[in-house]
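J.: structure for this input, please:
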Amino acid sequence: QVQLVESGGGLVQAAGSLRLSCVASGSGFMFSTTTMGWFRRAPGKEREFVAFITGRSDDTDYATSVKGRFTISRDNAKNTVYLQMNNLKPEDTAVYYCAAHWGGYFDRATNYNFWGQGTQVTVSS
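T.: Down below sits the predicted model:
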């Protein structure tokens, strides 16, 4: 069983920064070869893709709405993936989830089979 635990969320003013972390664990889970993604769900909206990073960090991509402000990274020695969020805006308010990819397009939530419980990010104006 794979467990993903996010942390780092909170309340921040617009233009502020937060860094989210997601620690992965589980017998047999090959974190270093697994593409990891971040998604978010805002109140009243569907879950949306934020960013992904491949196992060796040789490929990343971002949703247009966060490109240039968010950075995804990982530390395979710590089984941890990060999401550095800068210049936060009120529209970034959401529950943020990390997830482990199993196959297919990286921006599709249905292509991720393990999910964390989420961490709340609230950005005040």
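J.: for the residue nearest the centre of the chain, give me its contacts.
T.: Nearest to the geometric centre of the chain sits residue 38, at 2.3 Å (Cα atoms, centre = their mean). The contact partners of residue 38, taken as Cβ atoms under 8 Å, 6 or more residues apart in numbering, are 20, 22, 50-52, 72, 81, 83, 96-99. All C-beta atoms are positioned from the backbone trio N, CA, C, and that covers glycine.
J.: one more time with 6 Å, if that's ok
T.: Residues in contact with residue 38 (Cβ atoms under 6 Å, 6 or more residues apart in numbering) are 50-51, 83, 98.
J.: so which of the residues you listed are in strands?
T.: 50-51, 83, 98 (DSSP state E).
J.: ok so, going back, dump the contacts of residue 38 to JSON lines, plus pLDDT, neighbour count and distance to residue 114.
T.: Output for the contacts of residue 38, formatted as JSON lines (pLDDT from 0 to 100; neighbours: other Cβ atoms under 10 Å; distance: Cβ to Cβ, whole Å):
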{"residue": "50", "pLDDT": "98", "neighbour count": "25", "distance to residue 114": "17"}
{"residue": "51", "pLDDT": "98", "neighbour count": "25", "distance to residue 114": "17"}
{"residue": "83", "pLDDT": "98", "neighbour count": "27", "distance to residue 114": "17"}
{"residue": "98", "pLDDT": "98", "neighbour count": "30", "distance to residue 114": "9"}
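J.: what is the nearest of the residues you listed to residue 91?
T.: Lowest distance from residue 91 to the contacts of residue 38 (Cβ to Cβ) belongs to residue 50, with 12.5 Å.
J.: any figure for the gap between that closest one and residue 21?
T.: As for residue 50, its distance to residue 21 is 14 Å (criterion: Cβ to Cβ, to the nearest Å).
J.: which neighbours does the helix or strand hosting residue 100 have in its sheet, and in what orientation?
T.: Here residue 100 sits within strand 94-101, counting by DSSP states H and E. Using DSSP bridges, the strands paired with strand 94-101 are strand 36-41 (antiparallel), strand 112-115 (antiparallel), strand 119-124 (antiparallel).
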